[in-house]
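> need coordinates for the following:
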Amino acid sequence: MLEFGEFREAATKGVTSRLGPPSISGDANARPGTVAAHATGRFERRPLGNWRLVPVLHLHLKPMLCLSTVAPSEGRASRASHEALPKASRLVRICQPRKLASRYDSLGGLMAVWRSLAILMVLAAAGPGLMHSETHHFDPTTYHNTFSFAHEPVLTIHAGDRVVTRTIDARGYDADNERVGERPNPQTGPFYVAEAEPGDMLVVVFERIEPSRGTAWSSSVLAPYTVDPSFLRYEAEREQKTQTWTIDKQRGVAKVASETIQPAGIEVPLRPMLGCVAVAPARKEAVATSTPGAFGGNMDYNGIVAGVKLMLPVNEPGALLFVGDGHARQGDGEVVGNALEVSMHVEFTVDLIKGRTIGWPRLETAEHIMTLGSARPLLQALQHATTELQRWLMADYGFDERGSSLLMGHALEYDIANVVDPHFTVVAKIRKDLLMPGDESP
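Below is the predicted model of the structure:
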């Protein structure tokens, strides 16, 4: 066994312990990519702060786990894999070995710029009840029409926990098509993340987003912002009518129920998503659930589907997470003013990056990293998204301003999420295979 003091010394004496318990040990025979250690003494239930995890091949431990950071004055964080261990530990992240010697020849230099770092190893095998994730089943009975710090939390959860819940549709109708909430976009939540503090970054991984009933509804003419004014005045049919869609989950499609729409039988593939995911806004604001912003909100991006990782800035203690406004499918821009509006089964896991400040929501899929900016005019939303993406590239992927500008200038992609809400939303994205080999997001 490698005792805590030896582990610290093995890390080139570059990091000092502040929060760690009096005894932490690691198994030097553990296989690469895993951690085998035990901890005794007092534990504080809070994550690690603004740290990164990178493999260090010169430790006595096999290349599996270490903690590192870069001083704020250096203006960037280390590159590393940040795959969470939600089922094992709220505090430890793990990564596979990588060539790192050229980037970090020694951790010793870090001590001069950040002496307050702590080493804290916590394991999945640390013992039942010590550091384990929980699954919470929450059935909402009340819903909110503002994103606000003032709403009483419905449930307290911790980093690593999983939540199984449900949402109702944008007009307040539930899985039984009964009205239980008020329009627009009634929200489930807020969920209080116990460790979250202002200046942290909340990470939400969606595991399931699935319609909970067999019908959806949508408007049937294009929204005024999406077409030429002259078309609206002289040509367009302006009588708005709600259309019902039949959802066939077995076939994975939705079909217009009306037989008067031409051509008959319009059918589209299902792509369930959430129009609203938010934390409480900054500055004690209360924002209508029709509106997106830096806190997330009604972004109406059709890329917020099961399997993605959404990152949001924490503005209030506990973050106060809201989810709602399920869509069975939505086209880019949400050009009829809504989507295939439906109630949803929703399952997600939360994680937390302490001390990580971001300006706008970030999203990661298997193929892309993305940023979402919301504002009016549309150009300002584009500027927010573009700026946030460049900051991300510079902070986490080793680019300087010119390098990130060159990559973005020739590889940047944009999606228009919505052009119908009080603020419009633009998504800026870069393919991950165009980033530096071996780099991964936080």
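> which residues does whichever strand or helix holds A381 contact?
Using DSSP states H and E, A381 sits within helix 378-396. Helix 378-396 has contacts (Cβ atoms under 8 Å, 6 or more residues apart in numbering) with 75-77, 79, 294, 358-360, 362, 369-375, 399-401, 403-405, 407-408, 412, 414, 416, 419, 423-430, 435, 439, 441-442. No exception for glycine: its C-beta is placed from N, CA and C like everyone else's.
> flag every buried residue along it.
The neighbour-count criterion (16 or more other Cβ atoms under 10 Å) identifies 378, 381-382, 384-386, 388-396 as the buried residues of helix 378-396.
> wait, Y225 sits on D421?
No - Y225 is beyond contact range of D421, at 9.6 Å (criterion: Cβ atoms under 8 Å).
> burial of N315, as a residue count?
Number of residues near N315 (other Cβ atoms under 10 Å) recorded here: 23.
> what's the nearest residue to it if we skip its chain neighbours?
Excluding its sequence neighbours, the residue lying closest to N315 (Cβ to Cβ, 6 or more residues apart in numbering) is A282, at 4.1 Å.
> got the CA coordinates for the helix holding A381 in CSV?
Output of helix 378-396 as CSV, limited to C-alpha atoms (Å, rounded to 0.1, in the frame of the first residue of the first chain):
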residue,chain,number,x,y,z
LEU,A,378,-29.7,37.3,-33.6
LEU,A,379,-26.2,38.7,-34.2
GLN,A,380,-25.7,39.3,-30.5
ALA,A,381,-26.6,35.7,-29.8
LEU,A,382,-24.1,34.5,-32.4
GLN,A,383,-21.4,36.7,-30.7
HIS,A,384,-22.1,35.3,-27.3
ALA,A,385,-21.9,31.7,-28.6
THR,A,386,-18.7,32.4,-30.6
THR,A,387,-16.9,34.2,-27.8
GLU,A,388,-17.8,31.4,-25.3
LEU,A,389,-16.5,28.7,-27.7
GLN,A,390,-13.2,30.6,-28.2
ARG,A,391,-12.8,30.9,-24.5
TRP,A,392,-13.4,27.2,-24.1
LEU,A,393,-10.8,26.3,-26.7
MET,A,394,-8.2,28.6,-25.1
ALA,A,395,-8.9,27.4,-21.6
ASP,A,396,-9.1,23.6,-22.1
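> where in the stretch 301-442 of the chain is pLDDT low?
437-442 (pLDDT under 70).
> where along it do the strands fall?
With strands called from DSSP state E, counting those that start in this stretch, the stretch 301-442 of the chain shows them at 309-313, 321-327, 344-353, 362-364, 368-375, 413-418, 424-431.
> buried ones in stretch 213-224, by neighbour count?
For stretch 213-224, by 16+ other Cβ under 10 Å, it's R213, T215, A216, W217, S218, S219, V221, L222, A223.
> neighbour-wise, which of Y225 and D421 wins?
D421 (24 against 15).
> residues contacting the more buried one?
D421 sits next to S290, T291, P292, N298, D300, E334, S374 when contact means Cβ under 8 Å, 6+ apart.
> try it again at 6 Å.
N298 (Cβ atoms under 6 Å, 6 or more residues apart in numbering).
> burial count for R162?
R162 has 18 neighbours, counted by other Cβ under 10 Å.
> what do you get for R329?
21.
> tilt between the helix or strand harbouring G189 and strand 344-353?
Per DSSP H and E, G189 falls inside strand 187-193. Strand 187-193 and strand 344-353 are oriented at 30 degrees to each other (axes from the mean of the first three to the mean of the last three Cα atoms, to 10 degrees).
> quick one: low-confidence parts of the stretch 51-200 of the chain?
51-132.
> wait, what's in contact with the closest residue in space to N418 that isn't next to it in sequence?
In space, and not counting its chain neighbours, N418 is closest to D300: 3.9 Å by Cβ to Cβ, 6+ apart. Each residue near D300 by Cβ under 6 Å, 6+ apart is listed here: G275, E334, A417, N418.
> domain ranges for this structure?
Listed by automatic domain parsing, the domain ranges of the chain are 1-132, 135-214+269-434.
> check the separation of the first and last residues in the longest one.
Yep, that's domain 135-214+269-434 we're talking about. One end of domain 135-214+269-434 sits 36 Å from the other (Cα to Cα, to the nearest Å).
> now tell me what touches the helix or strand hosting W245 from outside.
Secondary structure from DSSP H and E places W245 in strand 243-248. Here strand 243-248 makes contact (Cβ under 6 Å, 6+ apart) with 211, 214-218, 220, 254-258, 328, 340.
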